[in-house]
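Student: Just a sequence and a predicted model for now, questions to come.
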Amino acid sequence: MTDTAPPQDETTTDYETDYEVGQDNVEIWGLDIHNPVFFLSAGLVLLFAGTSLIFPDAAAAGLEAARSWTLHTFDWLFAMTPLLLLAFCLFLAFSPFGRIRLGGADAKPEFALHSWVAMLFAAGVGIGFMFYGGAEPLAYYTDWFGTPLNAEAASDEARRLAFSATLFHWGLSPWAIYAIVGLALGFFAYNKGLPLTIRSAFYPLLGERVWGAWGHFIDTMAVISTVFGLATTIGIGAMQASSGLSYMLGFTPTLLMQVGLILAITGLAVISVFRGMDGGVKLLSNINMTIALGLMIFVFIAGPTLAITTGFGTNFVGYLQDTPALTNWFGREDQAWFHDWTIFYWAWWISWSPFVGMFIARISRGRTVREYLSVVIIAPFIICVIWFTTFGETAIQQFETGTGDLAGGVETASLTLFQMLDSLPLAAVTSTAAIFLLVVFIVTSADSGALVVDSITSGGKTDAPVPQRVFWACMLGVTASMLLYGGGRSTLQSLQAGTITAALPFTVILLVCCISLFLGLRSELAGEAEKPEPET
């Protein structure tokens, strides 16, 4: 892709603008950066990193206070948003808007279906699948910090809800969030000729004002949300990788080790940045999918195969049955569980949405709206059902039969995968493969995240100087390290606090984006209707 916007045709006259990609940029030290989005975003990230380094206790207390206020004041907003976005996706897919093609009627897909799905999976949920694959269902089943809907621990109801809640958190709703952002960005860039940046999605509502202060605010909030969301994911991945190494080699993981691992992985991400899209993200995504598929097949065969096979259908039906109760946010008796798990997940997905959405937009040109929504939402959900059933059923059976270290339930979430693999054959081989997979997932996320943040902070340019992507890859590593360092002994809670707080302003932006996208798609259909019939 190049810096030049896609050519406009008859359907884009209502979006004509004198704005040129990069016109507000400044060139300094070999960089080509947007003024003021780059400086505001980088300044805020560095301010947080510096504060966490100098005053870690105060930073942790501030994050927790912000998290508590956000949860108690806006839990309803986080709970309602995924539901509204999923309904909007269904409306678009089944409406005449579904036939609109990203890039115009003659546009062709850039990537084959398998590579497209592989990049969706690797960028969107790869690390989370590894961290929570066995841990989350087992945690809900055994009452590790609460059970969904206050079910009695280790009961049949708790078992059903363990999988229903897990699929609820990882299935259709998060991908509806990602899909809306990606569709808006891809549509306004490829069909309306606007820069590939978050502010462009608001042109129908703001007009030329989108290039001014309002646009600066939208893009800056998107960068901050993305950085914190990615930093949380990188931090979680580093925690699990260090826990796996310590479990295999018999030493105690330390915060310094986790930070050192993040910095080492950041270095690998920088190398990936220099290799470009095909030699970096695409290659790593295909490697990820191959190893992840192999690991899942191994667990399926070595684990409780019959329970896993029957669980696919049972867990899907349970998900459909329990979704209304899990969605409801009124009068919840399990409010602590609801806040710590469901609201955290919704905030996590929303904070990731600028990153994953723009990345999806970058790789989805040539797809129709209907094809785009069908694959982006349904394909990951199918993978979700298969993955969590395979790992979750295996972990729960080991608990029920008193096998290995999981006989006592979840000890530490980051250890659960390795404790589960330790009770299966070839534990050393599979655990090593899992650690390698985690590292590659983190590198993929950091590389693709740096690509997206760089696009936003360079005014929509897609071939800005490589050092800018290197800078943002380093900033992601620094932010993840500071979240861990500032969290002290409650590192996971600190990561969650940063994500929830950063996601709040972007939640409002995301809902407004739906209105703008609807107006844009409507104008596209109107333009198509006005085209003269071709002469025969």
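Tutor: Here it is on my side, so go on.
Student: Count the neighbours of the nearest residue to residue 351 once chain neighbours are set aside for me.
Tutor: Of all residues not flanking residue 351 in the chain, residue 229 sits nearest, at 3.2 Å (Cβ to Cβ, 6 or more residues apart in numbering). Just so you know, the C-beta spots here come from the backbone N, C-alpha and C atoms, and that holds for glycine as well. By other Cβ atoms under 10 Å, the residues close to residue 229 number 27.
Student: Residue 229 and residue 513, how far apart?
Tutor: From residue 229 across to residue 513, the span is 17 Å (Cβ to Cβ, to the nearest Å).
Student: for residue 334, same thing?
Tutor: 31 Å.
Student: Looking at the two now, which is surrounded by more residues?
Tutor: More crowded of residue 334 and residue 513, by other Cβ under 10 Å: residue 513, with 24 against 17.
Student: And what about that one, helix, strand or coil?
Tutor: Put simply, residue 513 is helix when judged by DSSP: H, G, I helix; E, B strand; the rest coil.
Student: next one: residue 27
Tutor: strand.
Student: how near is it to residue 475?
Tutor: Taken as Cβ to Cβ, the span from residue 27 to residue 475 is 20 Å.
Student: What about residue 170, how many residues nearby?
Tutor: Neighbour count of residue 170, defined by other Cβ under 10 Å: 25.
Student: That one touches residue 128, doesn't it?
Tutor: Yes: Residue 170 lies in contact with residue 128 (Cβ atoms under 8 Å); the separation is 7.2 Å.
Student: OK, contacts around residue 167?
Tutor: Contact analysis of residue 167 by Cβ atoms under 8 Å, 6 or more residues apart in numbering lists 315-316, 319, 384-385, 388.
Student: at 6 Å what do you get?
Tutor: For residue 167, the contacting residues are residue 319, by Cβ atoms under 6 Å, 6 or more residues apart in numbering.
Student: which residues in the stretch 151-300 of the chain form strands?
Tutor: Under the criterion DSSP state E, counting those that start in this stretch, the stretch 151-300 of the chain contains no strands.
Student: quick one, helices of it?
Tutor: Remark: helices assigned in the stretch 151-300 of the chain by DSSP state H, counting those that start in this stretch are 156-170, 172-190, 203-206, 213-249, 255-276, 283-302.
Student: Let me know which of those helices is the nearest to residue 339.
Tutor: helix 156-170 (13.3 Å; Cβ to Cβ).
Student: Just the buried positions in the closest one, please.
Tutor: Within helix 156-170, the residues that count as buried by 16 or more other Cβ atoms under 10 Å are 158-170.
Student: C-alpha coordinates for it, CSV please?
Tutor: Presented in CSV, the C-alpha positions along helix 156-170 are these (Å, rounded to 0.1, in the frame of the first residue of the first chain):
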residue,chain,number,x,y,z
ASP,A,156,-23.0,-29.2,36.7
GLU,A,157,-24.3,-25.7,36.4
ALA,A,158,-20.8,-24.3,37.1
ARG,A,159,-19.3,-26.5,34.5
ARG,A,160,-21.8,-25.4,31.8
LEU,A,161,-21.4,-21.7,32.8
ALA,A,162,-17.6,-22.1,32.8
PHE,A,163,-17.7,-22.7,29.1
SER,A,164,-20.6,-20.4,28.4
ALA,A,165,-18.9,-17.4,30.0
THR,A,166,-15.6,-18.2,28.3
LEU,A,167,-17.2,-18.3,24.9
PHE,A,168,-19.2,-15.2,25.8
HIS,A,169,-16.0,-13.3,26.5
TRP,A,170,-14.0,-14.5,23.5
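Student: now it and helix 172-190, what's the angle there?
Tutor: On the basis of axes from the mean of the first three to the mean of the last three Cα atoms, to 10 degrees, helix 156-170 is oriented at 10 degrees to helix 172-190.
Student: returning to that earlier point: the more surrounded of residue 27 and residue 475?
Tutor: residue 475 (24 against 10).
Student: State the distance from the nearest residue to residue 242 once chain neighbours are set aside to residue 408.
Tutor: Leaving aside its sequence neighbours, residue 242 sits nearest to residue 253 (Cβ to Cβ, 6+ apart; 4.4 Å). According to Cβ to Cβ, residue 253 and residue 408 sit 19 Å apart.
Student: These two: who's more crowded?
Tutor: Between residue 253 and residue 408, residue 253 has the larger neighbour count (other Cβ under 10 Å), namely 20 against 11.
Student: you'd agree residue 449 is up against residue 231?
Tutor: No: checked against Cβ atoms under 6 Å, the pair residue 449 and residue 231 is beyond contact range at 9.2 Å.
Student: returning to what we had before: export the helices of the stretch 151-300 of the chain as TSV, with columns for distance to residue 112 and mean pLDDT.
Tutor: Output for the helices of the stretch 151-300 of the chain, formatted as TSV (distance: least, Cβ to Cβ, whole Å; pLDDT from 0 to 100):
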stretch	distance to residue 112	mean pLDDT
helix 156-170	25	97
helix 172-190	18	93
helix 203-206	32	93
helix 213-249	26	86
helix 255-276	18	78
helix 283-302	11	86
